[in-house]
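A.B. asks: quick one: sequence and predicted model below, then my questions.
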Amino acid sequence: MILHRRRLLTATAGLAGASLLGGCDRFAGTDAGRRTLSIGEDANLYVQRLLMSGMTTAREFPESMISPWFKPNGSIDPPDTAYKALAAKNFSDFKLKVDGLVDTPLSLSLADLRALPSRTQITRHDCVEGWSCIGKWSGVPLSEVLKRAGLKPQARYAVLHCADTLEYASDDGAWVQPSHPNTVREAHAAYVQLAAADDWGGSPTGAASNGEKDPDATDGRRPIRYYESIDLFDAFNPQTILAYDLNGKALPVSNGAPLRLRVERQLGYKNAKYVMRVEMVSSLAGFGDGKGGYWEDRGYEWYAGI
Ligand SMILES: Nc1nc2c(c(=O)[nH]1)N[C@H]1C(S)=C(S)[C@@H](COP(=O)(O)O)O[C@H]1N2
Ligand SMILES: [Mo]
């Protein structure tokens with residue numbers, strides 16, 4: 001399925017020409033097609049990765065190779081009520097929630113996050129649509145956050161809950177409409193399973209888990225928000241950061257303000273933007289369609305290694 005979409009999109013990109021990719025390079029040609037792992041095989045994945053010697057990191061680049069413009073993709077301006085309210089105050093009220101299977105749930109402001117140890121890395125982002133950009137990311141290593149929260153022994157995955165709604169699901173599952181045209185484009189729309197999402201994982205702002213009504217849920221329509229997940233190997237990889245700066249400036253809204261995941265050994269869609277909450281879990285079954293991410297629920301692979 002992923003190959004089909006990539007072929008389609010590569011063809012589209014070819015027709016559209018380089019102008020659409022301004023500031024970015026064409027996809028660097030990694031062979032994602034050979035990937036076969038899926039969530040059902042994660043026991044094997046663990047063994048395989050345990051056998052790998054130490055932590056591997058993605059290539060880092062010199063300043064001179066930073067792309068002049070980092071192409072925004074997917075959601076670029078979340079329409080969500082809670083997000084708009086945060087953005088209107090320049091994210092001064094933003095709090096990252098860290099909860100689930102942790103000893104000490106955390107609620108961290110941007111100042112709190114900036115006060116933690118930081119890491120800066122210049123890496124290449126590869127999107128399955130066939131483009132790449134090199135950017136300089138600064139943020140707090142996810143490991144630093146998780147160490148402070150303390151993991152319960154059952155914790156196996158970090159679920160990243162994002163602020164942005166990509167589409168709405170009707171309660172009867174019969175009709176789905178993209179929330180705004182920029183988020184779900186034609187090629188994506190062809191993928192959308194109309195019977196999406198029985199269980200919405202909760203509002204990224206924590207509204208649902210507080211028992212409050214989601215402000216964007218109306219007339220039997222429920223927002224389906226972006227989410228992603230990574231395992232503990234990636235969560236503790238030194239290059240896995242919650243980034244608040246891009247190229248030395250506060251992350252723009254279009255690239256995921258105020259906080260986005262960088263998980264550098266995996267493809268673009270794993271790099272969740274607009275991260276509101278990190279939930280440590282033992283299983284991914286309870287989220288979306290249970291495949292571990294918005295795009296995974298629509299056929300993409302969970303382990304999107306480059
Ligand atoms: N919350 C959220 N995260 C997201 C997406 C999205 O639509 N919403 N799109 C993904 C995809 S497919 C890509 S390629 C990158 C794009 O990041 P950028 O906008 O900084 O280029 O974000 C990923 N993370
Ligand atoms: Mo992407």
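C.D. replies: Alright, I've got the coordinates. Ligands and ions are numbered 1, 2, ... in the order given.
A.B. asks: for L267, grab the count of nearby residues.
C.D. replies: By other C-beta atoms under 10 Å, the residues close to L267 number 23. No exception for glycine: its C-beta is placed from N, CA and C like everyone else's.
A.B. asks: repeat that for T218.
C.D. replies: 11.
A.B. asks: bridge partners for it, pull those for me.
C.D. replies: T218 has the following beta-bridge partners by DSSP bridges: R221.
A.B. asks: could you check how far it is from ligand 2?
C.D. replies: As judged by C-beta to the ion, to the nearest Å, T218 and ligand 2 stand 29 Å apart.
A.B. asks: and the pLDDT at the closest residue to K291 other than its chain neighbours?
C.D. replies: Computed as C-beta to C-beta, 6 or more residues apart in numbering, the closest residue to K291 that is not its neighbour in sequence is D297, at 4.8 Å. Note for D297: predicted pLDDT of 96.
A.B. asks: what of L232?
C.D. replies: Note for L232: predicted pLDDT of 92.
A.B. asks: so where do the helices sit in the chain?
C.D. replies: Per DSSP state H, the chain has helices spanning 2-16, 42-51, 81-88, 110-115, 142-149, 186-189, 232-235. These are given in chain order.
A.B. asks: buried ones in the fifth one?
C.D. replies: By neighbour count, and taking 16 or more other C-beta atoms under 10 Å as the criterion, the buried residues in helix 142-149 are L142, S143, E144, V145, L146, A149.
A.B. asks: let's have the residues you listed in JSON lines, adding distance to ligand 2 and pLDDT.
C.D. replies: Formatted as JSON lines, the buried residues of helix 142-149 follow (distance: C-beta to the ion, whole Å; pLDDT from 0 to 100):
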{"residue": "L142", "distance to ligand 2": "20", "pLDDT": "96"}
{"residue": "S143", "distance to ligand 2": "25", "pLDDT": "94"}
{"residue": "E144", "distance to ligand 2": "27", "pLDDT": "95"}
{"residue": "V145", "distance to ligand 2": "24", "pLDDT": "97"}
{"residue": "L146", "distance to ligand 2": "25", "pLDDT": "95"}
{"residue": "A149", "distance to ligand 2": "29", "pLDDT": "95"}
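A.B. asks: one step back: pick out the shakiest of the helices of the chain, pLDDT-wise.
C.D. replies: Among the helices of the chain, helix 186-189 scores lowest, at a mean of 37.
A.B. asks: mind saving the C-alpha coords of stretch 109-123 as CSV?
C.D. replies: Output of stretch 109-123 as CSV, limited to C-alpha atoms (Å, rounded to 0.1, in the frame of the first residue of the first chain):
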residue,chain,number,x,y,z
SER,A,109,5.7,24.7,30.1
LEU,A,110,8.0,25.8,27.3
ALA,A,111,10.2,27.5,29.9
ASP,A,112,10.4,24.2,31.8
LEU,A,113,11.3,22.4,28.7
ARG,A,114,13.9,24.9,27.7
ALA,A,115,15.5,24.7,31.2
LEU,A,116,16.1,20.9,30.7
PRO,A,117,19.3,19.7,28.9
SER,A,118,19.1,20.4,25.2
ARG,A,119,20.4,18.9,22.0
THR,A,120,20.9,20.5,18.6
GLN,A,121,21.2,18.4,15.4
ILE,A,122,21.2,19.1,11.7
THR,A,123,19.4,16.3,10.0
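A.B. asks: okay then, goodbye and thanks.
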